[in-house]
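Undergrad: From the sequence below, what's the structure:
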Amino acid sequence: MILKGLYHRLLSAEYLSRRLIFFVDLLLSLVSTLVAVELISFLRGYDPSWRMWLILVVLSLFCSALSFFFFHTYRGIIRHYSYTETGRFASTAVVKDALFIALFLLFFHQLKFGYVLVAAVADALFTFAFLVVERTIMIGVYNYLLGTLIPVDGFLLIYGNSKVSMSPVRQAFRNRSANYRILGYLNADIDRAYRIGGFPVFPFHNAADFHKLVVDRKIVAVLFTDRGALVHERDRLVHYCTTEKVKLFFMPDALSEVKKGINLPLTQVSVEDLLERPEIKINLTEISTSLKNKVVMVTGAAGSIGSELCRQLCSFGIDKMVLFDYAETPLHNIRLELEETFPDIEKYPVLGDVRNPLTVDYVIKKYRPQYIFHAAAYKHVPLMEENPCEAVRTNVYGTHIVADTAVKYGVDKFVMISTDKAVNPTNVMGASKRLAEMYIQSFSLALTNGLRQGSTHFITTRFGNVLGSNGSVIPRFRQQLAAGGPLTVTHPDIIRYFMTIPEACRLVLEAAFMGKGGEIFVFDMGEPVKIADLAKRMIELAGMRVGRDIEIQYTGLRPGEKLYEELLADKESTIPTANPKIFCARVREFDYNDVTTIINNLIHTAIDSNDNMEIVRLMKLIIPEFKSSNSKYCSLDDEIEKDYH
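TA: Prediction:
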């Protein structure tokens, strides 16, 4: 038990002591010198004196130490050793014996140079061989102990670039909590198995091939080292794995990061990994130049989008960050996170409500932000359907207050976060965001035409659902899976656009500094996803089967919900921008005075009364395309239609 415990401590250590490696290398180098001299002396019939042996020992240690210090051979982590490093050992051996020849001839100048040269060459060869063999043996012993003493959960195959060295990936796997023995590679583009670096590469072309491989080789897991390959294989290999109940793991940037000595987390593939698209490229130079040493304010800073905006904004070297939110604990949490991650940036967390004009005025007047990102909003469709007055107070009136105050204190840019639900809205939430868009757009036009005094540039960004946001469908499905199901989907045909939070925020930043004022930017959301398919995939990734282990229940569309979302209204079109993922919408223009009058009337009605039906009726009069879906407000559409005729 004591010996086994010692072995476990050895395996769990990050690396062997550099001093230990240095002294072992030094000892082997000395042995190389003595063996080389003894061999050449035997072949030449020469008997060295004890004084020569003593000087040989001293010179060998001295020259070896200098060479090791110069080439840092003792600094490498042994288990990360690869044969590409043998050049360093060869150089070490050559430098050692070049010094050795020069110093040795000072003491024994009577010896023939040829004798010393041959001995030095033999010494260099032995030194090089001993250093390489030493590390090979250490790696072999380490792998043996790892395979015999550490229990494994089964065999694993790596799907990725089989042309790269297996060693970094294998090493990356050793430091993870899950223990799998790597069997080899998996490749769909070959017809017969072969070997790379001692590991087999197994072919597969269909479900039957993969099933046979799993059964014959006892495969229990597949590791993806490349995100692109993972997304590419989501309808083939990922499906095979879920059918066979083979676990899927993903290790981003495994090769590059492990070579740097960074241990990345080994995580099971999630549905977010399968939905992600190739990384979006943005103009980092322009954004960084614009934000450098600036004061930035984010409303709704503790929310899903707001908090990610804060993280990304801080990464561009801003001077001060004003975090404005109504939620105390989430605001405290994002503040702590930013203080730890970006200690050099001044952060001012402000508890406040965008519906309070005095608070908003005080904050903007005090901190004088040059940029405001307005992410504060109510966004849950069913809740806003039941609370239209609150939707107007926050999404419309709150935006009105922040925008007016931004102009009052000369904020350079005001960026509003909108939603695809504002297009042809079928619910109160979408309609409230459309009203906010109309106010921002007409305000910008009034500034441009000189109807209002101010220099603020207003930008609106519009996109769909974001993965992992508060209240999104994926966390809900995870909770239902943990409870044993069923997973509830409103309709078998309902589809949604999805985008990751970081991806959405990158595009918001790009659009913010691309816009000149008054634009509504629409993001390329990719292909829409069926929510029912999303539920099925999550069940499969959990190692279960739809209908047998977990049921999917269809509950019917919720009030205000529609089967699909649009990013542009029927009468709108887009024009391309410098970023292929961002489009500028051509939208109807509204007169600022008209919009202000009708919106102020709506706001006063929402503040002074709780007459939800009247509020929704007014919203429909302002937005003719607002047609309720599966809602008690559908009756208003019929009334307005009759009045119109």
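
Undergrad: hey, where'd the helices end up in the stretch 1-150 of the chain?
TA: Along the stretch 1-150 of the chain, counting by DSSP state H, counting those that start in this stretch, helices occupy 2-12, 18-44, 50-71, 86-107, 113-149.

Undergrad: Could you name the stretch from the ones you listed that's closest to residue 372?
TA: The closest of the helices of the stretch 1-150 of the chain to residue 372 is helix 2-12. By Cβ to Cβ, the value is 50.0 Å. For every residue, glycine as well, the C-beta is placed using N, CA and C.

Undergrad: Average pLDDT for the closest one, rounded please.
TA: Mean per-residue pLDDT for helix 2-12: 49.

Undergrad: Would you reformat the helices of the stretch 1-150 of the chain as a markdown table and include distance to residue 625 and mean neighbour count?
TA: A markdown table is the format used below for the helices of the stretch 1-150 of the chain (distance: least, Cβ to Cβ, whole Å; neighbours: other Cβ atoms under 10 Å):
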| stretch | distance to residue 625 | mean neighbour count |
| --- | --- | --- |
| helix 2-12 | 64 | 11 |
| helix 18-44 | 71 | 17 |
| helix 50-71 | 73 | 17 |
| helix 86-107 | 70 | 18 |
| helix 113-149 | 65 | 16 |
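
Undergrad: Can I get those helices in TSV including distance to residue 243?
TA: As requested, the helices of the stretch 1-150 of the chain are exported to TSV (distance: least, Cβ to Cβ, whole Å):
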stretch	distance to residue 243
helix 2-12	35
helix 18-44	48
helix 50-71	52
helix 86-107	45
helix 113-149	30
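
Undergrad: out of those, nearest to residue 395?
TA: helix 2-12 (53.6 Å).

Undergrad: How far does whichever strand or helix holds residue 440 sit from its chain's centre?
TA: Following DSSP states H and E, one finds residue 440 within helix 428-448. Per Cα atoms, centre = their mean, to the nearest Å, the displacement of helix 428-448 from the mean C-alpha position of its chain is 33 Å.

Undergrad: What mean pLDDT does that helix get?
TA: The model assigns helix 428-448 a mean pLDDT of 94.

Undergrad: does residue 509 really touch residue 315, like I thought?
TA: No: the criterion here is Cβ atoms under 8 Å, and residue 509 misses it with residue 315 at 10.1 Å.

Undergrad: sorry, back to before: return the alpha-carbon coordinates of the helix or strand following the helix holding residue 440 using PDB.
TA: Going down the chain from helix 428-448, the next helix or strand is strand 457-463, by DSSP H and E. C-alpha atoms of strand 457-463 as PDB (Å, rounded to 0.1, in the frame of the first residue of the first chain):
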ATOM      1  CA  HIS A 457     -25.200  58.600 -32.500                       C
ATOM      2  CA  PHE A 458     -27.900  55.900 -32.000                       C
ATOM      3  CA  ILE A 459     -27.300  52.400 -33.100                       C
ATOM      4  CA  THR A 460     -29.800  49.500 -32.900                       C
ATOM      5  CA  THR A 461     -28.800  45.800 -33.100                       C
ATOM      6  CA  ARG A 462     -31.400  43.100 -33.700                       C
ATOM      7  CA  PHE A 463     -30.800  39.400 -33.200                       C
END
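
Undergrad: Paired strands for strand 457-463, with orientation please.
TA: Under the criterion DSSP bridges, strand 457-463 sits next to strand 413-419 (parallel), strand 520-523 (parallel) in its sheet.

Undergrad: Which stretch among the ones you listed approaches residue 238 most closely?
TA: Residue 238 sits nearest to strand 520-523 of all those, at 26.2 Å, using Cβ to Cβ.

Undergrad: Following element in sequence after the closest one, please.
TA: Beyond strand 520-523 toward the C-terminal end (DSSP H and E), the next one is strand 529-530.

Undergrad: Now residue 595. Nearest residue, chain neighbours left out?
TA: residue 442 (4.3 Å; Cβ to Cβ, 6 or more residues apart in numbering).
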